[in-house]
Each structure stands twice: as structure tokens, then as C-alpha cells.
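*Asks:* build me a model:
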Amino acid sequence: MKSNASFEILIVDDERFNIEVVVGFLEMEGYKLAYATNGKDALSAAFAKSFDLILLDINMPGIDGFEVCRRLKKEPSTQDVPVIFLSALSDIATVTQAFSVGAVDYLSKPFNGLELIARVRTQIDLRRYILELKEKQNRLAHLASTDQMTGLANKLRFMSVAKKSCEASKQTPSRLTLAYIRLDRLQHINTVYGYKAGDKAMIKVAKVLQAALKPNEIAARLFGSEFVVLMSGVSLEAGAHRMQAVLQDIRGLQSGDVMLSASIGLVEYQVEEGYETFILRAEKMVEEARCTGGNVVMCKISKF
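*Replies:* This is a model prediction of the structure:
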């Protein structure tokens, strides 16, 4: 659980004495505290860094608290930051307007320190819960899209990326090359040295593929010893040369007394085909590579 020191609160008031009073109550709670003395500086601070809560005065020279809150709620980066108004005004019209512009709470001055602490604590606890929930959701999403053995993308994630990449290539024509990789002699490794040795071999291959990636490219393990690398903005010929370097790195790996090798087939996306056909052509190309005895990069340009 995140401690209070992980949360930062922005205090906005044109009277420094009021800021000092709030700081006096909240610093004992361990929060990080920042302050601004007018609406313009408050907006600059809020847009420049991420705050977990904003305590906002209403009557300030220049931009008042209502307008500050409106602008914060219009910006995607700040619209979810909770705002508590601290104001000497307590009439129902003002309080109603405060909530209408997006405030989560309202406290009238002079306020009780314990009440201020309690209301701030409520919002920070809610913020803490939301952040922890998002972290858990991100971890679950990562697990759902990652091959647990190798750390590469799994088949589900790859298929999603491949489909989107093919659709993007149709909208904005660009080169898209797919390499389909099968580890040679995995069954021999499993039989002679055991499945753990086979798993280690695939992990070594995955590290080679991961190291070969450029930004916006993806490597995935589909199943067994079958891997794919999707290269955006890369021609078939350029992809073939890159995969030749990958194959050389794989040839430098060893499992037991077996030097590793792989069969690699490459195809370039054609705008008239669907992404399933694109993947199927790559799979057929790697089958051709295996039929020659493996340990080779194959595409329609040439056999490397």
C-alpha cells in the first residue's frame, strides 16, 4: 500500500496565512505539499506535474477558483484530480456552484482542523484505492498478453497487433514484413535432455528476438517452439537480412551438446489480403525452410 508520502497535494489561496494554516494541519499526515497564491500559478503547477488532490480557494484576484476548477476538468491530464474548495463563502448558491464545476467536497472557513484532515484523508484513500486498482488491472492485462515462459507477447496479443498493423497499412501504405521462426531439433533436445532444457533453449531464442526488435515492433511466441517477429516499415529484403543476423545469433547458442538453429520464413504484407492470409503465408514459408533441412532464412527474394 502506498504511504501518504507518495501523495502530493496542491494548496491554492491568495492569503499566505491561510496556506500556512492548512500546511500546519496536513504536514503531520506526511503528505507532500505544494502551494500557489493565484489561479494562474495554480493552473501552471497542475498542468506541469501530477497532483493527487487540490485544495482550492474561490475568491482570488485574476482567475477565481471556479474558473480554475473548470479548466482543470476540461484537460484530460487533470480532469480526474479531486478538488476540495476551501472558502469563507458558505451560502447555498456558492456551494452548489462549487459542485457544479467539478468539486468533490466543500469546506467553509474557518474550518476545524480535524475535519480538514478527515476530508483530505477520505479523498487520498479513494485516490490510493483507484491507483492500486489500476496497477492491478495493468498487471492482469500484461499477464493476459504475455507468454509466461519467455516474456514475449503471446498469440492473443500478436494477433491483435497484426490485425491492426495490416489495417493501418491499407489506410497509409507502408511496408510490413513478418518473420515466422521455428526452433530446429527441439524434440531431440526434449527427448535427450528433458523438457526443462527445451524450455531454456526457447528462452534463449526469445532473448535473441527481443534484442533484435526496433521501436514499434513485436516479437511473440505463438506456441511450442514457434515464434514470430512483425516488422513495420521494413521491406522483405531488409527483413531477410535482419533475420539472417538473428539466425547467426541463434547458431551461437547451445543446449547440452546441441548447437541451436532455426528455420525462418519471411513474407511481406499485400494490401489485398487479410491478416490471417498474411500469417498463413509466413507459416507456409517456414515449412519450406524446414523441408530444406532447416537452419536457413527463406523468402521469395532468395534463400539465405
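
*Asks:* for the rest of this, base every contact and every neighbour count on C-alpha atoms.
*Replies:* Fine.

*Asks:* mind checking the end-to-end distance for stretch 93-107?
*Replies:* One end of stretch 93-107 sits 14 Å from the other (Cα to Cα, to the nearest Å).

*Asks:* give the buried residues for that stretch.
*Replies:* Neighbour counts over stretch 93-107 (16 or more other Cα atoms under 10 Å) mark 95, 98-99, 101-103, 105-107 as buried.

*Asks:* now, among those residues, which is nearest to Ser174?
*Replies:* Gly102 (44.6 Å; Cα to Cα).

*Asks:* so the closest one, which of the three states?
*Replies:* coil (DSSP: H, G, I helix; E, B strand; the rest coil).

*Asks:* show me which pair in the buried residues of stretch 93-107 is furthest apart.
*Replies:* Spanning the widest gap among these are Val101 and Leu107, at 15.4 Å by Cα to Cα.

*Asks:* any regions of the chain where pLDDT drops low?
*Replies:* 301-304 (pLDDT under 70).

*Asks:* closest to the centroid, which residue in this protein?
*Replies:* Centroid-nearest residue in the chain: Asn138, 7.8 Å away (criterion: Cα atoms, centre = their mean).

*Asks:* quick check: next helix or strand after whichever strand or helix holds that residue?
*Replies:* Assigned by DSSP states H and E, Asn138 belongs to helix 113-144. Per DSSP H and E, the first helix or strand lying C-terminal to helix 113-144 is helix 155-171.

*Asks:* one step back: give the buried residues for the helix holding Asn138.
*Replies:* So, applying 16+ other Cα under 10 Å, buried residues of helix 113-144: 116, 119-120, 123-124, 127-128.

*Asks:* quick check: the farthest pair among those?
*Replies:* Spatially, the most separated pair among the buried residues of helix 113-144 is Leu116 and Arg128, at 18.0 Å (Cα to Cα).

*Asks:* who touches the closest residue to Glu15 other than its chain neighbours in this structure?
*Replies:* In space, and not counting its chain neighbours, Glu15 is closest to Thr37: 6.9 Å by Cα to Cα, 6 or more residues apart in numbering. For Thr37, the contacting residues are 12-16, by Cα atoms under 8 Å, 6 or more residues apart in numbering.

*Asks:* and stretch 233-250, how far out from the chain middle?
*Replies:* 27 Å (Cα atoms, centre = their mean, to the nearest Å).

*Asks:* how about it: buried residues?
*Replies:* Quick answer for stretch 233-250 (16+ other Cα under 10 Å): 233-237, 239-240, 242-244, 246-247, 249-250.

*Asks:* where strands are concerned, which of these count?
*Replies:* Using DSSP state E, no member of the buried residues of stretch 233-250 falls in strands.

*Asks:* mind putting these into TSV with distance to Leu86?
*Replies:* Output for the buried residues of stretch 233-250, formatted as TSV (distance: Cα to Cα, whole Å):
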residue	distance to Leu86
Gly233	54
Val234	57
Ser235	61
Leu236	63
Glu237	65
Gly239	61
Ala240	65
Arg242	62
Met243	63
Gln244	66
Val246	62
Leu247	65
Asp249	64
Ile250	64
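
*Asks:* tell me the two of these that are most distant?
*Replies:* Greatest spatial distance among the buried residues of stretch 233-250 (Cα to Cα): Gly233 and Ile250, at 24.2 Å.

*Asks:* quick one on the thing from earlier: just name the closest of the buried residues of stretch 93-107 to Phe51, please.
*Replies:* Distances from Phe51 to the buried residues of stretch 93-107, taken by Cα to Cα, are shortest for Ala103, at 14.9 Å.

*Asks:* report the contact partners of that closest one.
*Replies:* Per Cα under 8 Å, 6+ apart, neighbours of Ala103: 69, 82-85.

*Asks:* okay if I get the residues you listed as TSV plus distance to Ala220?
*Replies:* As requested, the contacts of Ala103 are exported to TSV (distance: Cα to Cα, whole Å):
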residue	distance to Ala220
Cys69	45
Pro82	40
Val83	44
Ile84	47
Phe85	50
